[in-house]
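> with the input below, show me the fold.
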Amino acid sequence: MAFQLAGHVAVVTGNSTGLGKEIGKALGAAGAKVAINYYNNEARANAALAEYQQAGIETMLVRSDVTSEAGVDELITQVEQQLGPVDIIVPNATCEQPLKPIEEYDWDFYQRMIDFFIKSPFLLTQRCLPAMKEKQWGRIINIVSEVYHRSVSPFSAYVAAKGGQIGWTRSMSSELAPFGITVNMIAPGWIPVERHENDPQEEKDAYRAIIPVNRWGVPRDVADATLYFASEEASFVTGQTLCVNGGITPW
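Got it, this is the predicted structure:
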């Protein structure tokens, strides 16, 4: 059977809810051990833990700030001690994503975006790299976004940080390829999850109308794409972006 991940250990950041939770479940269903990382909502994290355990996934719960070096070190250290060396990383955690004209942003918010989408993947990769290089196998899968390809506005802070993450991923894919480590990207479209519950219905309707495949995306669509990149079947694929948005950006 394809896409078997037995013997691998995955860290998906911010995976107590939304896309991250479904990504972790997909990796776990394929046999990987999958840690659950959260920072703010302990009750929601415990609910996710129970869901993973009920699905038969070997897991653990770690509260950590993945935008800080100390937080990343604590996360990976705990996972190594309980589950084993981490060889699959999916930086997924995010913060609020307001659409604002540039006059209404400040640099602190721009920096927050950079911390989540460039600093965090950098820290996670740097921390896990020795074990991956020793094993000569690793998967780094960044969750980017269609907003970069579509030049979405007014959304400059998020789009700029995602653009930086895309550039970083491409560079790392070349650097790490000789060590059996692939670095790829999933670029989801707008896939409604819990944090979109209060978004204006007219905005949802307008986006839904432009999806060529004529349905909303669901978290499992992103999870399945991530599972492919994590698998042995994708060992010759690196530096690539897979747009999961129903054909809105067909390149």
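> walk me through which strands the lengthiest strand in the chain pairs with, and which way each runs.
Using DSSP state E to define each element, the chain has its longest strand at strand 181-188. Strand partners for strand 181-188, identified by DSSP bridges, are recorded as strand 138-143 (parallel), strand 241-244 (parallel).
> avg pLDDT for the top helix by length along the chain?
Using DSSP state H, we find that the single longest helix of the chain is helix 156-176. Helix 156-176 comes out with an average pLDDT of 97.
> identify the residues contacting it?
97, 100, 102, 105, 109-110, 112-114, 116-118, 121-122, 125, 129, 132, 138, 140, 142, 144-145, 147-148, 151-153, 182-185, 238-241 (Cβ atoms under 8 Å, 6 or more residues apart in numbering). The C-beta positions use only the backbone N, C-alpha and C, and glycine is treated the same way.
> kindly report the same for stretch 68-86.
With Cβ under 8 Å, 6+ apart, stretch 68-86 has contacts from 9-11, 13, 33, 35, 37, 58, 60, 62, 64-66, 120, 123-124, 127-128, 131-132, 135.
> if we can go back for a sec, so which of the strands paired with strand 181-188 is nearest residue 92?
strand 138-143 (4.8 Å; Cβ to Cβ).
> how far off helix 156-176 does that closest one point, in degrees?
Relative orientation of strand 138-143 and helix 156-176, computed by axes from the mean of the first three to the mean of the last three Cα atoms, to 10 degrees: 160 degrees.
> just give me how far strand 138-143 sits from the chain centre.
Chain-centre distance of strand 138-143: 8 Å, with Cα atoms, centre = their mean, to the nearest Å.
> quick one: buried residues of the longest helix of the chain?
156-159, 161-166, 168-170, 172-173, 176 (16 or more other Cβ atoms under 10 Å).
> got it, and stretch 205-221?
For stretch 205-221, by 16+ other Cβ under 10 Å, it's 207, 211, 217, 219, 221.
> okay, and residue 60 sits in which element?
Using DSSP states H and E, residue 60 maps to strand 59-63.
> how far does the next helix or strand after that strand sit from its chain's centre?
Using DSSP H and E, the helix or strand that follows strand 59-63 in sequence is helix 69-82. Using Cα atoms, centre = their mean, the distance from the centre of helix 69-82 to the centre of the chain it belongs to is 18 Å.
> hey, C-alpha coordinates of helix 69-82 in PDB?
Below are the C-alpha coordinates for helix 69-82, written out as PDB (Å, rounded to 0.1, in the frame of the first residue of the first chain):
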ATOM      1  CA  GLU A  69      14.100  29.300  19.800                       C
ATOM      2  CA  ALA A  70      13.500  28.100  23.400                       C
ATOM      3  CA  GLY A  71      10.000  27.000  22.500                       C
ATOM      4  CA  VAL A  72      11.100  25.000  19.500                       C
ATOM      5  CA  ASP A  73      13.900  23.400  21.400                       C
ATOM      6  CA  GLU A  74      11.500  22.300  24.200                       C
ATOM      7  CA  LEU A  75       9.000  21.000  21.700                       C
ATOM      8  CA  ILE A  76      11.500  18.900  19.800                       C
ATOM      9  CA  THR A  77      13.300  17.700  22.900                       C
ATOM     10  CA  GLN A  78      10.100  16.400  24.400                       C
ATOM     11  CA  VAL A  79       9.100  14.700  21.200                       C
ATOM     12  CA  GLU A  80      12.500  13.100  20.800                       C
ATOM     13  CA  GLN A  81      12.300  11.700  24.400                       C
ATOM     14  CA  GLN A  82       8.900  10.300  24.000                       C
END
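> the spatially most central residue of the chain: which element?
Among the residues of the chain, the one closest to the centroid is residue 92, at 2.8 Å (Cα atoms, centre = their mean). Using DSSP H and E, residue 92 sits within no helix or strand.
> hmm, back to that, identify all contacting residues around the longest strand of the chain.
So strand 181-188 is in contact with 19, 129, 132-133, 137-146, 148-149, 165-166, 169, 172-173, 176, 217, 221-222, 225-226, 229, 234-235, 237-245, 249, going by Cβ under 8 Å, 6+ apart.
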